[in-house]
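# dropping the sequence and predicted coords here.
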Amino acid sequence: MAKNPLLKYSVEVLLVEANPAGEPFFRKTHLYKTLFLLHQNLLGQGIDIGLPYCWYLHGPLIEAITFEEQTGTPLDGGYLQPDGATVPLRHVHDEELMTREKQVVLQEIRKILRKYRSGTRWEEGYGSRLVGDAYKLAPFRYQRTFKREYLDYLVSLSGEPRVYDYAYDRISSNILRYLDTLIKQFPENEMSELLDTYLAWDDTARLFVETRDPLDALSNRYWEIFCSLLRVRKNENVPEEIVERWERSFAQELPLYDREFETAHDEALGRLEQDTRSRDIDPIVLRLMAYARDECVRARPREM
Amino acid sequence: MRAGSPQGDVGQLPYFLDSNVIIGYIFHATDHWGRAAVLAFEDPEPNHSGFAVQRECFGLCDTGMGKVRTIQKAVVRALRRVIYNLKRGRPLSQIAANFDGDDHFQEILAEIRVVATGQSNRTTDAVVLESLQAFEVEVVRRQEIVRTNCAWHRRTAYYPDISAVLNRDISDGDDVTVVLDAHDIALTVPDLAYVSGDYNHIVRHADTILTHTRIVRVLPLGRFLPGSS
C-alpha cells in the first residue's frame, strides 16, 4: 500500500490516458509538466495529490526520492523506461480512494490532455506548449523571461552563426533589452544572496555584447546557479532534509560560479576596445581611483 | 636631475617601493599622493620591491586576494548595485541614502549626478557603467605595468638582530618585515633608496632604518613632487 495512494493513482491514470502503449512521444519531461499542471488544477478544486516537486532548470521537476517514498514506485525504472519514454501500464492502483476523487482526477487529466491532442493524436509543438503552460505558473516573472525568452533567443541565434555578422546591431540591442528587463524583474527580496553574482553575470554579459562574444555558455552557467537557489526557495511537498541539502549545495557552489564569472569578466575586459569612452567621465573615474586607494590604505594590517 | 626624480636629490638611486607607492600608482588620482606615486614609479631609476609588499598588494602567489583586487572588487560591487538600482527606477538621491556615513562614496555619486545632468543621449546608469569599465580597464592596465616594471624579490634570510632593533622603534611588525625585505635587496643592489608614503611608521623612523640596515636613503613620497625640498 502506497503512503500516498492518490498520488500513485494520479500518475498511473495519467500514463494510461496519455501513453498506454509506452510510446516515445510522451517522455519524462512531458510527464513532469503534465503532473505539475494536474497538481495545480486539482489544488484549485480542493484536492491535494501532494506532488513533490521543485522549480529547476527546465521548469517544474519531480523530486524522485520523495516521489518513490510516497508511491512505492521509482520514477526511473518504475514509470520511466531507460530511453526516457513512460512505461506502458495495464493496471491502475486505486485502492482506498473515494470515487469522487478518482473522477475529478480523471476529468482533469483528460481536460489537460485535450489541450495538446486531437483525439488520441498529439498536435504539432505539444511539448513546447506543455512547457510553456507550466512556465505560466512559474513563481517569478524573471524565470519566464530568462528561460523562455532570453535563453530561447540565444538558442535561436546559435543555429545561425552568420547572422552575427550582418545583423549584430539588431542582435545586441535585443540582448541588451532582455538584460534590462531581467534587471527590473530580478526577485531581490527572495534571492538576495544571489544579487552580487547576478550583477557580476549581467556586467559580464554586457561586456560580451560589446566584444561580440557568444553568450550561450555564460548564460547557461548563470541559469544553473540561479536554479540551484530557486529549487530551495520554490518547492512543494519536499522534506526539509532534502531542501537543506540543496541549500548546502548552493552555498558550496556559489563561490565557484563567482570565480568563473570573475574570470570571464576579466578576460572580456582585456578584449574590450580601449579609449573609446568619452572624456566627460574622467572626473568620476578619478574619484573612484582616489576612493579605492584610500580604502586600501585604511585597511590595516597590511595583509587582508 | 631627471624629471620625476626626488626634488633636491642628485644621482641615480635604485628604489625600493613601499605598498603605498604601488597602490598610489595603480589607483591613480590627481591629488598630491597620486601624482607623487606616479612620479616615483615612472622615474627612470630601477624599481624593486619585496614579497611582503607583493603579498599585501596582490595576495599570496598572486591569488587575487590582496588589497588591490579586494578593494577593486568592492568598488565594482558597489557600482554594479548603483546601476542595478538606477535601472530599477530608483532615483540617485534614494540610492545615495544607502551610502549614508560614507562621505567619500557620496562624493562619487554627486560627481555622477553632475556628469549625467543635462545629458540627452546617455542615461545615468549608462554613465555609471562607462565609468565602471574605464576604472577597471585602467586598474588592470596599471597592475600589469607594476608587475613588469618592478623587480620583485623573495627574501630567504631572517636577520633576527636587525629585526629586534627595528621592532623597538617601529610598532607594526608588518612594517618591519617590509624594511627587512628592503635591507635584503640592498645587500645586492647598492645605493637602494626606500620610497614610502607612510610617514608615521617608516619615514619617522628613517634614522633607525638607515643605522641598522644597508638602505642608503629613506625617501618620503612627497619629495617627488615639484617644489618639495
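That came through, no problem. Only a predicted model underlies this, so the values are computations on that prediction, with no experimental measurement involved.

# okay, CA-based contacts and neighbour counts for the rest of this
Fine.

# ok, how many other residues are close to the residue of the stretch 151-300 of chain A found nearest chain B?
The stretch 151-300 of chain A approaches chain B most closely through residue A:289 (4.6 Å), counting by C-alpha to the nearest C-alpha. Using other C-alpha atoms under 10 Å in any protein chain shown, residue A:289 has 27 neighbouring residues.

# try residue B:184
22.

# so how far is residue B:142 from residue B:148?
Separation of residue B:148 from residue B:142 (C-alpha to C-alpha, to the nearest Å) stands at 10 Å.

# what distance do you get for residue B:206 to chain A?
20 Å (C-alpha to the nearest C-alpha, to the nearest Å).

# burial of that residue, as a residue count?
If you count neighbours by other C-alpha under 10 Å, residue B:206 ends up with 18.

# now name the helix or strand holding it.
helix B:206-212 (DSSP states H and E).

# output the contacting helices and strands for the following helix or strand past that helix.
Following helix B:206-212 in sequence order, the next helix or strand is strand B:217-220 (DSSP H and E). In terms of contacts (3 or more C-alpha pairs under 8 Å, 6 or more residues apart in numbering or on different chains; DSSP states H and E), strand B:217-220 is packed against strand B:193-196, helix B:206-212.

# again, only using 10 Å
Contacts defined by 3 or more C-alpha pairs under 10 Å, 6 or more residues apart in numbering or on different chains; DSSP states H and E place strand B:217-220 against strand B:15-17, strand B:193-196, helix B:206-212.

# which segments of chain A make up each domain?
In terms of domains, chain A is parsed into A:5-135, A:141-283 (source: automatic domain parsing).

# hmm, I typed the wrong one, I wanted chain B.
Split into domains by automatic domain parsing, chain B comes to B:15-63+B:148-224, B:67-146.

# which bits of the stretch 51-200 of chain A sit near chain B?
Residues of the stretch 51-200 of chain A found near chain B (C-alpha under 10 Å from any C-alpha of the partner chain) are A:180, A:181, A:182, A:183, A:184, A:185, A:186, A:195, A:196, A:197, A:199, A:200.

# recalculate using a threshold of 7 Å.
For the stretch 51-200 of chain A, the residues in contact with chain B (C-alpha under 7 Å from any C-alpha of the partner chain) are A:183, A:184, A:196, A:199.

# of those, just the buried ones, PyMOL syntax please.
Remark: buried members of those, expressed as a PyMOL selection using 16 or more other C-alpha atoms under 10 Å in any protein chain shown:
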select buried, chain A and resi 183+184+199
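
# ok, which pair from the residues of the stretch 51-200 of chain A next to chain B is furthest apart?
A:184 and A:196 (14.8 Å; C-alpha to C-alpha).

# how many neighbours does residue 227 have?
Just going to use chain A. By other C-alpha under 10 Å, the burial measure for residue A:227, its neighbour count, is 20.

# try chain B instead
Counted with other C-alpha under 10 Å, residue B:227 comes out at 10.

# does any part of stretch B:97-114 sit near chain A?
Yes: using C-alpha under 7 Å from any C-alpha, stretch B:97-114 reaches chain A at B:104, B:108, B:111, B:112.

# can you turn the buried part of the residues you listed into a ChimeraX selection?
To isolate the buried ones among these in ChimeraX, judged by 16+ other C-alpha under 10 Å, type:
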select /B:104,108,111,112
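
# for the residues of stretch B:97-114 next to chain A, give me a markdown table that also has pLDDT.
Output for those, formatted as a markdown table (pLDDT from 0 to 100):
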| residue | pLDDT |
| --- | --- |
| B:104 | 89 |
| B:108 | 94 |
| B:111 | 93 |
| B:112 | 94 |
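
# show me the shaky parts of chain B.
Across chain B, the ranges flagged by pLDDT under 70 are B:1-11, B:61-64, B:229.

# quick revisit: quick check: buried residues in the helix holding residue B:206?
Buried positions in helix B:206-212, judged by neighbour count with 16+ other C-alpha under 10 Å: B:206, B:208, B:209, B:210.

# the residue of the stretch 151-300 of chain A closest to chain B: what's it in contact with?
When the contact criterion is C-alpha atoms under 7 Å, 6 or more residues apart in numbering or on different chains, the partners of residue A:289 are B:27, B:28, B:29.

# give me the element it is part of.
Assigned by DSSP H and E, residue A:289 falls in helix A:282-298.

# list the buried ones in that helix?
Under the neighbour-count criterion of 16+ other C-alpha under 10 Å, helix A:282-298 has A:283-297 buried.

# which residue is the nearest non-sequential neighbour of residue B:135?
Using C-alpha to C-alpha, 6 or more residues apart in numbering or on different chains and skipping the chain neighbours, the partner closest in space to residue B:135 is residue A:285 (5.6 Å).
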